[in-house]
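I need the structure of the sequence given here:
(one chain, ligands or ions: 2)
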Amino acid sequence: MAFDEFLLKAHIPIIQDWPVPGIKFRDITPLFRNPQTARQITDALVLRYMNSGITHIGALEARGFLLGSNLAYALNLPLLLIRKAGKLPGKVDRIDYQYEYSQGQLEIQQGSISRGDNVLLIDDLLATGQTLLAAAQLIHRQGGDVQEAATIIDLSNLGGRERLVEANIPVYSLLAFDD
Ligand SMILES: O=P(O)(O)OC[C@H]1O[C@H](OP(=O)(O)OP(=O)(O)O)[C@H](O)[C@@H]1O
Ligand SMILES: Nc1ncnc2[nH]cnc12
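Numbers count the residues shown, from 1 in each chain. Ligands and ions are numbered 1, 2, ... in the order given. Next up is the predicted model:
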């Protein structure tokens with residue numbers, strides 16, 4: 001199903017200087033409060049990744065979980081949770097990263113995937129791309145491939161897409177903002 005770019009963009013307000021001064025925060029919560037826009041997003045992603053050869057959905061905590069779980073259900077694929085540090089039980093692989101307004105660590109449980117698996121990474125938003133890049137490194141460490149990274153929003157002036165493409169990770173975003 002086609003999505004209505006203007007309708008979706010109208011549901012993404014800007015919160016200036018949040019969570020820290022200088023950041024123009026694009027808030028996706030109204031997109032999910034409205035069933036019509038939430039459904040358009042999921043349907044567009046399902047259409048793109050149906051029969052695409054993807055074997056796993058890798059969802060990034062926290063807002064990426066909103067999309068990842070819907071996609072895994074609709075495509076009948078395994079869902080991998082890529083979480084902030086200290087949330088996953090058992091043995092984990094961990095990576096440090098810093099992104100547009102903070103820094104932290106991401107983790108994935110060891111043994112989540114096997115060599116040759118084709119993972120779709122999914123998150124709400126691409127800014128500097130450092131979060132998705134860190135997640136991709138976790139997938140690569142376990143022998144998996146990242147077929148693509150998908151987001152609702154690309155903040156295209158922050159260079160995330162170029163950073164990921166340079167690392168051989170294609171990017172698909174439904175909406176772009178260049179300001
Ligand atoms: O492209 P980058 O510069 O790496 O920034 C993008 C990341 O920033 C946000 O995560 P954050 O951890 O702030 O939020 P969340 O836990 O609410 O999803 C967003 O959800 C992306 O994961
Ligand atoms: N500007 C921004 N708005 C919303 N989420 C973000 N994550 C990283 N940068 C962001």
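
So which bits of this protein are right by ligand 2?
23-26, 100, 125, 127, 155 (C-beta under 6 Å from any ligand atom). To be clear about C-beta, it is placed using only N, CA and C from the backbone, and glycine gets the same treatment.

Check those for burial and list the buried ones.
By neighbour count, with 16 or more other C-beta atoms under 10 Å, the residues of the chain next to ligand 2 hold 25-26, 100, 125, 127, 155 as buried.

any idea which helix or strand comes after the helix or strand Leu47 falls within?
Taking DSSP states H and E as the criterion, Leu47 maps to helix 35-49. The first helix or strand that comes after helix 35-49 along the chain, using DSSP H and E, is strand 56-60.

Can you name the next helix or strand after that next one?
Taking DSSP H and E, what comes next after strand 56-60 is helix 63-75.

isn't there a strand covering Gln137?
No. Using DSSP: H, G, I helix; E, B strand; the rest coil, the assignment for Gln137 is helix, not a strand.

who's in contact with it?
Counting by C-beta atoms under 8 Å, 6 or more residues apart in numbering, Gln137 makes contact with Ile95.

swap in Lys91?
109-111.

count of neighbours near Ile14?
Using other C-beta atoms under 10 Å, Ile14 has 11 other residues around it.

just checking, it touches Ile23?
No. When contacts are counted by C-beta atoms under 8 Å, Ile14 is not listed as touching Ile23 (10.0 Å).

Scan this structure for its longest strand.
In the chain, assigned by DSSP state E, the strand with the most residues is strand 145-155.

Quick check: which helices or strands does that one pack against?
Contacts defined by 3 or more C-beta pairs under 8 Å, 6 or more residues apart in numbering; DSSP states H and E place strand 145-155 against helix 35-49, strand 118-126, helix 130-141, helix 160-166, strand 171-177.

between the ones you listed, which gets nearest to Gly68?
When these are ranked by proximity to Gly68, the top entry is strand 118-126, at 4.8 Å, counting by C-beta to C-beta.

Is ligand 1 within reach of that closest one?
Yes. Shown here: strand 118-126 in contact with ligand 1 (C-beta under 6 Å from any ligand atom) through 123-126.

Using ChimeraX, define a selection of the buried residues within these.
For the buried members of the residues of strand 118-126 next to ligand 1, the matching ChimeraX selection, counting by 16+ other C-beta under 10 Å, is:
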select :123,124,125,126
